[in-house]
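1. pasting the sequence and the predicted model now:
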4 protein chains.
Amino acid sequence: MSSIYHGSIIVSIFGQSHADAVGVTIDGLPAGFPIDLAALQTFLQRRAPGKNDWSTARNEPDLPEVLCGLKDGRTCGAPLTAIIRNTDTHPGDYAQMSFIPRPGHADYTAYVKYGGAEDRSGGGHFSGRLTAPLCIAGGICLQLLAASGITIRARICSIGSVRDDSAFLCSVAEKRFPTVSDDAGRRMQAEIAKAKSDQDSVGGVIECIADGVPAGLGEPMFSGAENVISRAVFAIPAVKGIEFGVGFAAAAMRGSENNDAFALEQDRVVTLTNNCGGILGGITTGMPVVFRTAVKPTPSIARPQRSVRLDTMEETELRITGRHDPCVVPRAVPCVEAAAAIALCDLLLESRKREVPKR
Amino acid sequence: MSSIYHGSIIVSIFGQSHADAVGVTIDGLPAGFPIDLAALQTFLQRRAPGKNDWSTARNEPDLPEVLCGLKDGRTCGAPLTAIIRNTDTHPGDYAQMSFIPRPGHADYTAYVKYGGAEDRSGGGHFSGRLTAPLCIAGGICLQLLAASGITIRARICSIGSVRDDSAFLCSVAEKRFPTVSDDAGRRMQAEIAKAKSDQDSVGGVIECIADGVPAGLGEPMFSGAENVISRAVFAIPAVKGIEFGVGFAAAAMRGSENNDAFALEQDRVVTLTNNCGGILGGITTGMPVVFRTAVKPTPSIARPQRSVRLDTMEETELRITGRHDPCVVPRAVPCVEAAAAIALCDLLLESRKREVPKR
Amino acid sequence: MSSIYHGSIIVSIFGQSHADAVGVTIDGLPAGFPIDLAALQTFLQRRAPGKNDWSTARNEPDLPEVLCGLKDGRTCGAPLTAIIRNTDTHPGDYAQMSFIPRPGHADYTAYVKYGGAEDRSGGGHFSGRLTAPLCIAGGICLQLLAASGITIRARICSIGSVRDDSAFLCSVAEKRFPTVSDDAGRRMQAEIAKAKSDQDSVGGVIECIADGVPAGLGEPMFSGAENVISRAVFAIPAVKGIEFGVGFAAAAMRGSENNDAFALEQDRVVTLTNNCGGILGGITTGMPVVFRTAVKPTPSIARPQRSVRLDTMEETELRITGRHDPCVVPRAVPCVEAAAAIALCDLLLESRKREVPKR
Amino acid sequence: MSSIYHGSIIVSIFGQSHADAVGVTIDGLPAGFPIDLAALQTFLQRRAPGKNDWSTARNEPDLPEVLCGLKDGRTCGAPLTAIIRNTDTHPGDYAQMSFIPRPGHADYTAYVKYGGAEDRSGGGHFSGRLTAPLCIAGGICLQLLAASGITIRARICSIGSVRDDSAFLCSVAEKRFPTVSDDAGRRMQAEIAKAKSDQDSVGGVIECIADGVPAGLGEPMFSGAENVISRAVFAIPAVKGIEFGVGFAAAAMRGSENNDAFALEQDRVVTLTNNCGGILGGITTGMPVVFRTAVKPTPSIARPQRSVRLDTMEETELRITGRHDPCVVPRAVPCVEAAAAIALCDLLLESRKREVPKR
């Protein structure tokens, strides 16, 4: 069913780019948990546009308004709904494209699916703007996880052909451009600037690590940790691939290389390597959960592109004007953290149900 | 929730490797659809073990017994349940490993999750044997999709470092070793044989293409085609990554390269390339749906491995005896088709609900 | 999961009586359907308080604000969210009761469930006010059903000991007090007035009929028409019972009396009676769907009542002040229609998935 | 979705009356819980047919075969599947009725829904035989609940016009005819015998009480205790109504009579009456959960009935031969317990997720 993450928590995202608001309802949060709204706002700022060279000039405060679900700053057991008003909308920017679907966007597929009734302005429900409510939900889940000792951090691994192969040992959330190596970060920014000056865009890879995840989360087969994390992460519009641990590299390895040997570390079972990304049989091992995700280059580019007029069914050329990020990867970093947080929060709460009664 | 694919169809998989049976219930199939049980059996044979160098010697007919859900060979609207009896079981093979988790397997994570109550024999519910009922469900979905003009085919792209870069233009299902290039296939088999003689195993990459998928399938955000296909494909035990279209390669591309231009082909909207893998905004474009999935090397290898005795909490060395595939990739090929078929069948049936009533 | 109706449409209700807003998100509506907001408002007015002797003096316009999901007045495929701001709130009225649960209300059970973190003001998430978003969702579903030829109407059968046994042949929605017999209606109003003057309250029975329901809606066992209608109707706070067709009276009947004989009416199969309430085996027969539901007397009464101080754990006496309906039955009538509409809309959309592909 | 109870546990029921088997898969049971199969068998015997005057002569051992999900007698975390083979089937008994739907049965509605592809033999998936797997699932849930201190018991309140108004203070499960008053039970049996000799059938009312239910189970609105119990109980074929606590009688009461005053009993909050049936706002109060359910008279009666030949679309008379219970109420008693157990087990496990992490 569309736009709902349905698990032990239910995250229901609504809104269109140029509707009155975007927002989210989170159902199933434990009651009595204090939400730090200032910390949430700081988290959302990492996704917010309009602050630098690589993101759009759209300037919105993106202040979430919590309509319900809190009482004296704590979750009260009722669903929590928060909205963000859309204020800085310029529907006119999109008028030209009304019947000419933009390559790489959901314009055409939404047109087919909804028979032309879809809201096309700014991408409608398919806009990257919908990652704002995703981040609200994810930001709250991050706080819940943190209280259980689980932290999640993501970083940029590559932009175009520029890679940062540094080990990812601690969060880079406070950085303006979240790479481990500042030098690599500078070269990545240059790559973005070059694409922009070429009226083009670039993609990249984001790595995400969850530390402190207890062993035993995840259900077999269809609700394993990989299944549910994937399900959440592919909600981010530009994501086209995901891999856990060494991922695709495992396909080229021998079992003797890829298997993670078990050992003891102060009476705790650990693995000496973590090629499996902290997940075996869909269930967490107690080691960090590690995944990487491929983000495609922004489909909106200023260069002319071939497309089709759907009203007259003629081939044509399209020129996209308006504001667009030459690279969405930096802004996607907190979105990946948010998606991972939603999935892990689901897994954590789900695991609580399994305790066996005494007999 | 464990072991259930829950969408417009519900696929509930049950069984353990050495329990009386494994099986599956499929709920939500349209009524009156004729199931070709012989074709289903042929499909299941592609997954069956014991026929060649690269799979285990376990020799079971794997004949599914349909307990209910059919009437005169057609679906009758009631849930369809099919089971496969486990006959060729040797629980003794696994006795030694009872408290020493095998690296790369779910032994340890299941132990933590289920507190030692899990069935360890042969991997229990986490055994590759559970892909047999997955293939029963997928095989039925393949027939349903075929009746709607959708066909699904998969092939081996690589085994270890050996790749087959041939274009994938038609099914290779009838081949004993499902590669497009027979020469590449021979080299891959040699790679597997070498790993086996080294008491080791290898992984590989499988590509899957769905042709004839109509435009407009998939729901936004959490139930897009990528989300649901991923959710189904990660149910296959050894899968560690998935990518759609050009996938991770998109991360290194410019938008002008990666975007798929729209054009007309006899009044039908097509894209001139298919880098997006037939999916934009989570919704199918009408072009082939294309994805690749990384399969890790079989964790069971004859070489000694480091592990831990969980009863005494001592580090130890483990030697795995018994029968094991040096490479599960060939047998995973129909499993990937099956998982894709389940997901696409879900998306197809889901799309039928959206028709608007007249006013 | 709390506050979500999860079927072929998903209705997610949020808000607390004295939070900033109450509201609802409806996901899964067909796209391109025109919503008549004026008609919706008229429907909501039937539930609105403050207009007569039997309902509270709370005076709120109850104007729903549609935040998203519409484009040019039509559903656009994206989730539809509507909120109603809470403006006329007097949290002070409830201060005294903070730790003394009101008999018949959810105060105590919410306190146990949420550990004291629940929002108690005005009943919080358990307030009758939450039926406003239920009616928004139901009102939209009513329009969708009407476009498919299905109409739903409810009426008051009894208030306290006063009954209206008239046949229910057409809607009484336009009536200020929705009974078939105006005389019975007057006596019921007198019954309510008498209870009010006694500082007491009364309950009643509501009957609901859905006409035009095609045969074949409903799934066997857990998702039959009775199951899903019950699930929706028990979302209305004061409902304590439901019966379909002749319901409990069937328990005292012989099979020969209760069975509805089949006959032909211009080539259409009908039943000569409708004791089954239009549902056999959980599936609709094509005859009107009929059910009755028991509404308990408003628990808030001005008379002193015995209760317990939960902070000090002492028995005490409670006097409820503030505004309360002496009888919620009249306002519950549109709520019952709304709940039935949500359930039937789910069943209708669900049935569309079942078409079998040709072979 | 058909035939699946989907909550914190998932109960998936499959089979047709004359298919190879009926059965059930239960997913989500805590691991390590010992299942007492002998006690389960004893429970199932209470539903089994063929032992007395009021049930059919069908003689089947109804021994469930547990295919998987147990290891050494304990749940192992994997889905538990049990089947019962159908052995004593006489499809021929139903041949005459193939195209003449039996009044009061699902024959006609299934025909419309499944387009004639349904399995009609013995009622197919709509047969009362499907309550056998319901009782397997419920019997297991009863054991799980018992280990948490929750017991469930049901009794016959009335058969036709004969009532047993005795207080229901302890279980009557061991009785051949489960009434509290043996005298009333004898008169009820006479009522059944009379109906049988009249080639007719009778209905009745069953009351069910769950003791030891902790306060705080149930979610607001759509997943309250009343909603989920109703959803489960209406899975029993002949049920046409349900009421909680005083139920429909509440509609005729004053608030001052119906409200249950709170009081203290050794530092525990109790209510002095239990008119609400142990549920307020959808959440359990800690008092016994009480509900009654109306069971219609068996639709299969030997008397001739009016119906329609669906193949030729002619009105006709139908005579049902074969074996049928003149009253299903006694056999429905354990089914009601089973349905209640499934719902309460769901609520109990669901409540475990809500614990708030420390901060």
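-> Cool, the structure landed.
2. from residue A:135, how far out is the closest residue to chain D within the stretch 201-350 of chain A?
-> In the stretch 201-350 of chain A, the residue that lies nearest chain D is residue A:349 (4.4 Å; C-beta to the nearest C-beta). For glycine as for every other residue, the C-beta is placed from the backbone atoms N, C-alpha and C. Using C-beta to C-beta, to the nearest Å, residue A:349 is found at 20 Å from residue A:135.
3. okay, the closest residue to residue A:76 other than its chain neighbours: pLDDT?
-> Setting aside the residues directly before and after it, residue A:76 is nearest to residue C:119 in space (C-beta to C-beta, 6 or more residues apart in numbering or on different chains), at 4.4 Å. Looking at residue C:119, its pLDDT stands at 94.
4. what of the one 3 residues further on?
-> As summarised for this prediction, residue C:122 has a pLDDT of 88.
5. for residue A:94, same thing?
-> Looking at residue A:94, its pLDDT stands at 51.
6. quick one: contacts for residue A:64?
-> A:23, A:40, A:41, A:44, A:82, A:83, A:84, A:132, A:136 (C-beta atoms under 8 Å, 6 or more residues apart in numbering or on different chains).
7. on the three-state scheme, the first one is what?
-> When you say that, I think you mean residue A:23. Three-state call for residue A:23 (DSSP: H, G, I helix; E, B strand; the rest coil): strand.
8. next, the contact list for it, please.
-> Residue A:23 sits in contact with A:13-15, A:64, A:67, A:81-84, A:133, A:136, C:67-68, C:81, where contact means C-beta under 8 Å, 6+ apart.
9. tell me the pLDDT at the nearest residue to residue A:179 once chain neighbours are set aside?
-> Closest residue to residue A:179 apart from its sequence neighbours, by C-beta to C-beta, 6+ apart: residue A:185 at 3.7 Å. Per-residue pLDDT puts residue A:185 at 98.
10. shouldn't residue A:185 be in contact with residue A:192?
-> No - the pair residue A:185 / residue A:192 is not scored as a contact, 10.6 Å apart, by C-beta atoms under 8 Å.
11. what about residue A:185, distance to chain B?
-> Residue A:185 sits at a distance of 16 Å from chain B (criterion: C-beta to the nearest C-beta, to the nearest Å).
12. give me the phi and psi angles of that residue.
-> The phi/psi pair for residue A:185 (degrees, to the nearest 10) reads phi -60, psi -40.
13. what's the neighbour count on it?
-> Using other C-beta atoms under 10 Å in any protein chain shown, residue A:185 has 22 neighbouring residues.
14. output the below-cut-off pLDDT ranges for the stretch 51-200 of chain A.
-> Residues of the stretch 51-200 of chain A meeting the criterion pLDDT under 70: A:51-61, A:88-98.
15. flag every residue of it that's near chain D.
-> With C-beta under 8 Å from any C-beta of the partner chain as the criterion, the stretch 51-200 of chain A meets chain D at residues A:75, A:77, A:78, A:144, A:146, A:147, A:148.
16. how many other residues sit next to residue A:170?
-> Neighbour number of residue A:170 under other C-beta under 10 Å is 12.
17. whoops, residue A:48 was the one
-> Using other C-beta under 10 Å, residue A:48 has 18 other residues around it.
18. hang on, it packs against residue A:62?
-> Yes - counting by C-beta under 8 Å, residue A:48 touches residue A:62, with 5.0 Å between them.
19. nearest to residue B:272 among the residues of the stretch 51-200 of chain A next to chain D?
-> Using C-beta to C-beta, residue A:144 comes nearest to residue B:272 of those, at 46.1 Å.
20. show me the contacts for the closest one.
-> A:29, A:30, A:33, A:345, D:357.
21. farthest-separated two in the contacts of residue A:64?
-> Using C-beta to C-beta, the pair of the contacts of residue A:64 lying farthest apart is A:23 and A:41, separated by 15.4 Å.
22. in what helix or strand does the residue of the stretch 201-350 of chain A found nearest chain C lie?
-> Closest residue of the stretch 201-350 of chain A to chain C, C-beta to the nearest C-beta: residue A:349 (10.8 Å). Using DSSP states H and E, residue A:349 falls within helix A:329-351.
23. all strands for the stretch 1-150 of chain A, in order.
-> A:4-6, A:10-15, A:21-27, A:65-68, A:70-71, A:74-75, A:80-85 (DSSP state E, counting those that start in this stretch).
24. including distance to residue D:282, could the ones you listed go into JSON lines?
-> Output for these, formatted as JSON lines (distance: least, C-beta to C-beta, whole Å):
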{"stretch": "strand A:4-6", "distance to residue D:282": "20"}
{"stretch": "strand A:10-15", "distance to residue D:282": "17"}
{"stretch": "strand A:21-27", "distance to residue D:282": "14"}
{"stretch": "strand A:65-68", "distance to residue D:282": "18"}
{"stretch": "strand A:70-71", "distance to residue D:282": "19"}
{"stretch": "strand A:74-75", "distance to residue D:282": "19"}
{"stretch": "strand A:80-85", "distance to residue D:282": "19"}
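25. neighbours of residue A:333, how many?
-> By the criterion of other C-beta under 10 Å, residue A:333 has 27 neighbours.
26. got the contact list for it?
-> The neighbours of residue A:333, taking C-beta under 8 Å, 6+ apart as the test, are A:46, A:154, A:155, A:156, A:178, A:206.
27. tell me which of these fall in helices.
-> residue A:46 (DSSP state H).
28. which of the contacts of residue A:333 count as buried?
-> Buried subset of these (neighbour count, 16 or more other C-beta atoms under 10 Å in any protein chain shown): A:46, A:154, A:155, A:156, A:178, A:206.
29. quick one: residue A:297 from chain B, how far?
-> From residue A:297 across to chain B, the span is 4 Å (C-beta to the nearest C-beta).
30. got it, and residue A:162?
-> Distance, residue A:162 to chain B, by C-beta to the nearest C-beta: 9 Å.
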